[in-house]
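Q: what follows is a predicted protein model with its sequence.
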Amino acid sequence: MLRLYDTATGAVAPLEPRDPGSVGLYVCGPTVYGPPHVGHGRFVLVYDVLRRYLEHTGLAVRHVSNVTDVDDKIIARASTEGRDWREVAAESEQQWWATMDAMGVLRPTEVPHATGYVEEMVDLVAALVERGVAYEVGDGVYLACDAVDGYGLLAHQDIETLRASAGARLAVADEKRSPVDFALWKKAKPGEPTWGSPFGHGRPGWHTECVVMSLALLGDGFDVHGGGLDLVFPHHENERAQAVALGRPFARRWVHNGLVTVGGEKMSKSLGNVTDLAEIVASSDPRAYRLLVLRAHYRSPLEVGAPTLADASSALARVDELARRLDAVGREMPQDGERAPGSGGGRAASALADAEAVAFADAMDDDLATPRALAGLLGAVRRANSLLDRRDVAGGAALGRAALDLLGVLGIARRLAEEADEGVLDIVRRRDAARADRDFATADNLRAELESRGWVVEDSPDGTKVRR
RNA sequence: GGCGGCGUGGCCGAGUGGCUUAGGCAAGGGCCUGCAAAGCCCUGUACCCGGGUUCGAUUCCCGGCGCCGCCUCCA
């Protein structure tokens, strides 16, 4: 069984689902006001792999990830660009999915939009007011955090400390009773999108959006709530506060992924080091970024840059090379190739494959230790290549296929080979003819020609092979 | 100031009280090759500093130094 770290307790513990056989996972999704960056890419990949692994172990996963489609930043951008806020949100969301699809990320099973749940949000705010834990002032409705049992659970600080900390930093200008209180409902300002409510026209606060959507779709006491480490406080703390104030059980487990650094620092607009995710997907194999992300533990910080991406790309090339070799082997061998006749090594070979699967599960069950899982798999890739080099086709194929299958669980499936067109094949044939004539000067010129067209040229007993 | 975390070989990045002390990339040597490419084999003797605990610490404890994140919108 998967053991996962819980931010609330600071300990690793088995993930025991509320409903046997299935897991409800809520992940805070993007606010759609601009193009996705590598930080978004990391959180999406982390939870994509969590989901894939849970499904691999036979659990049904209900994976809910919201889109925040009304927010200060969306409104601000629409305003400066003189456009409708809905248009900005829709366009950004389209960009989001295009990039995620390119990265091979599974779409969440449900994608609630904040604007689709405003009525429920109003109801929730009203219920909190009715219970006397929320109060209305001039610019909105706030939650009185003092009334919340265990406020500070995720921040690992008591409310007095949080109050002092917030009070010291914020020039208190609004009408909140306490600096830690937060807006459930923001009353309308001129030119902003609004909805009607018992507290006047306005829009919901961010923290209210997520608590409403997660409970609406996954129900009380759902299994896992995830998001970036930077959402722990105040966002998740405040989501939880609302549920607690209502007397509803909230997430049973809190999972947070580490942040991406660029040049050793967190990405931020003020530092000017925000790396566009779409650029990475366009300029390199999207699986390279996935590999990079999985090579670090999900709770550690991760350095992303051209050098680390190039590094991951090279590692991936070796995996793909094995896949190509196995394809070739598959054509020469019967399809039940693991037990190829006359090899005699079949049983030992499948034992080797089983051992890989066990090691993989051990690593993954240990708080999603993808670095260890990957280390094992990449080692298996090398050993499989080694067996194939030594003509142990049965052993190499069994081990190699096992490794590739398990890499597939992580979303690092093999890339489809690109077919060479007739013009390229013509050069290949001329080069083979030249090599047969031992006219190496001509052969080398033709190889240079192929390489200049972007093909990697490899000689084999069957003649020139090209790939890219 | 409070809270959380980190400092590992050229780079990225796991991990561990001693045992064969990840993995990847890069580098050097080798096998293979007409030469390459790809693949494989071999090599590197790393754990911020100072104390302490211990038979033994990179790993545990204390203290420093440096760095990062959160405490305000943020994946």
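A: Thanks, I have it.
Q: domain ranges for chain A?
A: A:3-257, A:304-409, A:422-467 (automatic domain parsing).
Q: so for A:Val281, which of these sits nearest?
A: Ranking those by proximity to A:Val281 (C-beta to C-beta) places domain A:3-257 first, at 4.7 Å. Using the backbone N, CA and C atoms, a C-beta is placed for each residue, glycine as well.
Q: is the closest one anywhere near RNA strand B?
A: Yes. Using C-beta under 7 Å from any atom of the strand, domain A:3-257 reaches RNA strand B at A:10, A:28-31, A:37, A:39-40, A:42-43, A:72-73, A:155-157, A:161-162, A:165-166, A:168-170, A:179-180, A:182, A:206, A:227-235, A:257.
Q: close to RNA strand B, is the worst-scoring helix or strand of chain A on mean pLDDT?
A: In chain A, no helix or strand scores lower on mean pLDDT, DSSP states H and E than strand A:265-266, which sits at a mean of 70. Yes. Strand A:265-266 reaches RNA strand B (C-beta under 7 Å from any atom of the strand) through A:265-266.
Q: buried residues of the helix or strand just after that strand, list them for me.
A: Once strand A:265-266 ends, the next helix or strand along the chain (criterion: DSSP states H and E) is helix A:277-283. Within helix A:277-283, the residues scored as buried using 16 or more other C-beta atoms under 10 Å are A:277-278, A:280-281.
Q: give me the mean pLDDT for helix A:277-283.
A: For helix A:277-283, the mean pLDDT works out to 89.
Q: now do stretch A:254-263
A: Here the average pLDDT along stretch A:254-263 is 88.
Q: could I get the contacting residues of whichever residue of the stretch 151-300 of chain A sits closest to RNA strand B?
A: Going by C-beta to the nearest atom of the strand, RNA strand B is nearest to A:Gly228 of the stretch 151-300 of chain A, at 2.2 Å. Applying C-beta atoms under 8 Å, 6 or more residues apart in numbering to A:Gly228 gives the contacts A:28, A:39, A:43, A:256-257, A:259.
Q: thinking again about what came up before, reformat the buried residues of helix A:277-283 as CSV; add distance to A:Tyr47.
A: What follows is the buried residues of helix A:277-283, written out as CSV (distance: C-beta to C-beta, whole Å):
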residue, distance to A:Tyr47
A:Leu277, 15
A:Ala278, 20
A:Ile280, 19
A:Val281, 18
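Q: any low-confidence regions in chain A?
A: A:168-174, A:268-272, A:331-346 (pLDDT under 70).
Q: how far out from the middle of the chain is the lengthiest helix in it?
A: Looking across chain A with DSSP state H, the single longest helix is helix A:306-332. Put simply, helix A:306-332 sits 22 Å off its chain's centre (C-alpha atoms, centre = their mean, to the nearest Å).
Q: in that helix, what counts as buried?
A: Neighbour counts over helix A:306-332 (16+ other C-beta under 10 Å) mark A:308-309, A:312-313, A:315-316, A:319-320, A:322-323, A:325-326, A:329 as buried.
Q: which one of those sits closest to RNA strand B?
A: A:Ala315 (3.0 Å).
Q: name the nearest residue to that closest one, ignoring sequence neighbours.
A: A:Leu291 (6.3 Å; C-beta to C-beta, 6 or more residues apart in numbering).
Q: so what's that neighbour up against?
A: A:312, A:315-316, A:374, A:412 are the contacts of A:Leu291 under C-beta under 8 Å, 6+ apart.
Q: nearest to A:Glu110, out of those residues: which one, please.
A: A:Ile412 (25.6 Å).
Q: count of neighbours near the closest one?
A: 22 (other C-beta atoms under 10 Å).
Q: what about it, helix or strand, and which?
A: Using DSSP H and E, no helix or strand contains A:Ile412.
Q: hang on, isn't it packed against A:Pro286?
A: No. Assessed by C-beta atoms under 8 Å, A:Ile412 is found out of contact with A:Pro286, at 10.2 Å.
Q: ok, the contacts of A:Gly228 vs A:Glu130, which is closest?
A: Using C-beta to C-beta, these come closest to A:Glu130 at A:Cys28, 27.1 Å.
Q: surely that closest one meets A:Leu231?
A: Yes. Assessed by C-beta under 8 Å, A:Cys28 is found in contact with A:Leu231 at 5.7 Å.
Q: more neighbours: the two, which one.
A: Shown here are A:Cys28 and A:Leu231; by other C-beta under 10 Å, A:Cys28 has more neighbours (23 against 20).
Q: skipping adjacent residues, who's closest to that one in space?
A: Counting by C-beta to C-beta, 6+ apart, the residue nearest A:Cys28 is A:Gly227, at 3.8 Å.
Q: Three-state assignment for that neighbour, please.
A: In three-state terms, and counting by DSSP: H, G, I helix; E, B strand; the rest coil, A:Gly227 is strand.
Q: run a quick neighbour tally on it.
A: 24.
Q: ok, it touching A:Pro30?
A: No. Using C-beta under 8 Å, A:Gly227 makes no contact with A:Pro30, being 10.9 Å away.
Q: picking up where we left off before, can you pull up the bridge partners for the residue of the stretch 151-300 of chain A closest to RNA strand B?
A: A:Asn257 (DSSP bridges).
Q: what sits against A:Tyr53?
A: A:2, A:364, A:368, A:409-410 are the contacts of A:Tyr53 under C-beta under 8 Å, 6+ apart.
Q: redo that, cut-off 10 Å
A: A:2, A:59, A:61, A:360-361, A:364-365, A:368, A:370, A:373, A:409-411 (C-beta atoms under 10 Å, 6 or more residues apart in numbering).
Q: please pick the buried ones from the residues you listed.
A: Of the contacts of A:Tyr53, these count as buried by 16+ other C-beta under 10 Å: A:2, A:59, A:61, A:360-361, A:364-365, A:368, A:370, A:373, A:409-411.
Q: these into TSV, with extra columns for secondary structure and distance to A:Ala245?
A: As requested, the buried ones among the contacts of A:Tyr53 are exported to TSV (DSSP: H, G, I helix; E, B strand; the rest coil; distance: C-beta to C-beta, whole Å):
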residue	secondary structure	distance to A:Ala245
A:Leu2	coil	31
A:Leu59	coil	31
A:Val61	strand	29
A:Phe360	helix	43
A:Ala361	helix	40
A:Met364	helix	36
A:Asp365	helix	35
A:Leu368	coil	32
A:Thr370	helix	37
A:Ala373	helix	40
A:Val409	helix	40
A:Leu410	coil	39
A:Gly411	coil	38
